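Chemist: Take this sequence and fold it.
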Amino acid sequence: MLFLYFKAPFGAFRSFQSIEMSMTADFVTHSAAYGLLLGLAGVPRESKKDYAGARIALGLKGERLPLHGRAYQQLHWVKLEGRVEKRKGKPPKGETLKAAFERSKGTKPDIRPYIREFLHGCESYDEVDHDPTGKVSGARYRLHGFEGYIGLNDSALEELVRRGVEEPTTLDYWGLPFMGDNNFFVERLEVSDDPSPCRWFSLYQGEPLSRGARLHYLSVWTDYEADNESEPRSVSRSGSLPFALTDTKDSPPDKAWIPVQEFNTKQ
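Modeler: Numbering: from 1, shown residues only. Model prediction:
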């Protein structure tokens, strides 16, 4: 059994949604944690099923979840002029996408807001400060990030992760470690055999919640790729499960250990 401590200033753990509103989960998800562990172990994405079934537990360091922030951007939509129909064996009618891009250069005929959520630990506090002119300045900000533990119970993968963190030159990496979104890197990583006290994400199975508690849906496995040409890409083995945060505990309870593996949607 291994516990990976992490600390990061920002993170984003997205589900598959409309591009105009890209939301994030409340914390690191099991699927994202699994991807981070594979990256540290030097295991390529194409081989992620080799360690499917490994059990993962997620712990929140501190009492509060990270805050949700939003970044607003412009999304430029390029419309095709004329009616476009795709018929088997025949080319589509109307303007081509290449022609539409050429026509729209230098113009912005259809601008829409693009909202991206992210997690952060930035808090504001009021501080009254008088400069020589008598002007008063107000709120200032501090960034402390968010931190937690990823528990791993799989002997083969544990050894690779430990080597990847403590002896990074002994493995070939296929990418940098990041927190869900590859724009957000990790500030600190440490491997330990025992975690410090945490609040753990425990699988919810219908029991009454304590006052003020709520559920958090975290993705356990993401896989939208077809296994063969006869299987449509829309057949997904991805899935999420509901979790509730425990009180602060020295180690994860049994219901916090979740096997990461594909969901069988055909059942």
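
Chemist: Quote the end-to-end distance of stretch 13-20.
Modeler: From its first residue to its last, stretch 13-20 covers 16 Å (CA to CA, to the nearest Å).

Chemist: quick one: average confidence on it?
Modeler: Stretch 13-20 comes out with an average pLDDT of 71.

Chemist: For Ala25, see how far away Gln73 is.
Modeler: Distance from Gln73 to Ala25, counting by CB to CB, to the nearest Å: 21 Å. Bear in mind the C-beta positions are built from the backbone N, C-alpha and C, glycine included.

Chemist: Give me the more crowded residue out of the two.
Modeler: Per other CB atoms under 10 Å, whichever of Gln73 and Ala25 has more neighbours is Ala25, with 22 against 9.

Chemist: Once you drop chain neighbours, what's closest to that one?
Modeler: In space, and not counting its chain neighbours, Ala25 is closest to Phe13: 4.3 Å by CB to CB, 6 or more residues apart in numbering.

Chemist: do Gly42 as well
Modeler: Counting by CB to CB, 6+ apart, the residue nearest Gly42 is Leu171, at 3.8 Å.

Chemist: tell me the contacts of the one you found?
Modeler: Counting by CB atoms under 8 Å, 6 or more residues apart in numbering, Leu171 touches Ala41, Gly42, Leu160, Arg163, Gly164.

Chemist: looking at those, which has the most residues close by?
Modeler: Highest neighbour count within those: Gly164, with 23 neighbours (other CB under 10 Å).

Chemist: hang on, it in a strand?
Modeler: No - looking at Gly164 with DSSP: H, G, I helix; E, B strand; the rest coil, it is helix, so not inside a strand.

Chemist: From Lys108, how far out is the residue nearest to it when sequence neighbours are not counted?
Modeler: Spatial nearest neighbour of Gly164, chain neighbours left out: Leu40 (3.9 Å); criterion: CB to CB, 6+ apart. For Leu40, the distance to Lys108 equals 42 Å [CB to CB].

Chemist: Neighbour count for those two, which is higher?
Modeler: Legend: neighbour count by other CB under 10 Å for Leu40 and Lys108, higher for Leu40 (23 against 9).

Chemist: helices or strands up against the strand or helix carrying the more buried one?
Modeler: Assigned by DSSP states H and E, Leu40 falls within helix 30-41. Packed against helix 30-41 by the contact rule (3 or more CB pairs under 8 Å, 6 or more residues apart in numbering; DSSP states H and E) you find strand 2-8, strand 55-60, strand 146-153, helix 155-166, strand 216-221.

Chemist: can you do 7 Å?
Modeler: Under the contact criterion of 3 or more CB pairs under 7 Å, 6 or more residues apart in numbering; DSSP states H and E, helix 30-41 touches strand 55-60, strand 146-153, helix 155-166, strand 216-221.

Chemist: so which of the ones you listed gets nearest Gln261?
Modeler: Gln261 lies closest, by CB to CB, to one member of those: strand 216-221, at 6.1 Å.

Chemist: what's stretch 8-28 in contact with?
Modeler: 29, 32, 58, 60, 65, 68, 75, 112, 114-121, 143, 145-146, 148, 179-181, 184, 186-187, 216, 218-219 (CB atoms under 7 Å, 6 or more residues apart in numbering).

Chemist: Would you mind checking these for buried ones?
Modeler: Buried members of the contacts of stretch 8-28, scored by 16 or more other CB atoms under 10 Å, are 29, 32, 58, 60, 65, 116-121, 145-146, 148, 179-181, 184, 186, 216, 218-219.

Chemist: Now for Glu158: which residues touch it?
Modeler: Applying CB under 7 Å, 6+ apart, one finds that Glu158 lies in contact with Leu2, Leu152.

Chemist: CA atoms of stretch 26-43 as CSV?
Modeler: Extracted in CSV, the C-alpha atoms of stretch 26-43 (Å, rounded to 0.1, in the frame of the first residue of the first chain):
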residue,chain,number,x,y,z
ASP,A,26,-15.0,19.3,-6.7
PHE,A,27,-11.7,17.4,-6.2
VAL,A,28,-9.3,15.1,-7.9
THR,A,29,-11.3,12.2,-9.5
HIS,A,30,-10.3,8.5,-9.3
SER,A,31,-9.8,8.4,-13.1
ALA,A,32,-7.6,11.5,-13.0
ALA,A,33,-5.6,10.1,-10.0
TYR,A,34,-5.1,6.9,-11.9
GLY,A,35,-3.8,8.8,-14.9
LEU,A,36,-1.4,10.8,-12.7
LEU,A,37,-0.1,7.5,-11.1
LEU,A,38,0.4,5.9,-14.6
GLY,A,39,2.3,9.0,-15.7
LEU,A,40,4.6,8.9,-12.7
ALA,A,41,5.1,5.2,-13.3
GLY,A,42,6.1,5.7,-16.9
VAL,A,43,3.1,3.7,-18.2
